[in-house]
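1. With the input below, show me the fold.
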Amino acid sequence: MNNSVVPMILFLGCALTLASCGPAKDYQAYRDQAGQGEQIFDRHFDLCYQMAYQKIKPIEGSSGAGQRLNWKREEFQRCMLDHNWVLK
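-> Next up, the predicted model:
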């Protein structure tokens with residue numbers, strides 16, 4: 001194999017792995033239990049994202065960034081679940 005191809009393959013593999021770690025932001029990633037539709041999903045997604053951000057924002061002190069990120073994700077998922085959106 002050519003020496004320039006190996007780093008490119010490693011870079012693409014790492015990029016794809018990291019891209020898959022983000023939150024599911026599309027309608028297809030959630031199960032629509034109440035039959036609400038994509039427009040309602042967008043509203044609920046924005047609402048839950050803002051609520052999670054506002055609740056975690058005031059936390060200061062010794063909490064690490066990773067711990068705050070986990071709290072934000074849990075708060076977001078709890079809000080989506082309250083609106084009948086379950087991650088597939």
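2. Now do the strands in this protein.
-> With DSSP state E as the criterion, the chain has strands at 30-32, 85-87.
3. other SSEs contacting the last one?
-> Based on contacts counted as 3 or more C-beta pairs under 8 Å, 6 or more residues apart in numbering; DSSP states H and E, the elements that strand 85-87 packs against are strand 30-32, helix 38-56, helix 65-82. For the C-beta atoms, the positions are set from N, CA and C on the backbone; glycine is no exception.
4. out of the strands of the chain, which comes closest to His44?
-> Each of the strands of the chain has some distance to His44 by C-beta to C-beta; the shortest is strand 85-87, at 6.3 Å.
5. residues in contact with the closest one?
-> Residues from elsewhere that reach strand 85-87 (C-beta atoms under 8 Å, 6 or more residues apart in numbering): Ala24, Ala29, Tyr30, Arg31, Asp32, Gln33, Phe41, His44, Phe45, Gln77, Met80.
6. Can you give me the buried ones in it?
-> Neighbour-count burial for strand 85-87, with 16 or more other C-beta atoms under 10 Å as criterion, is recorded at Trp85.
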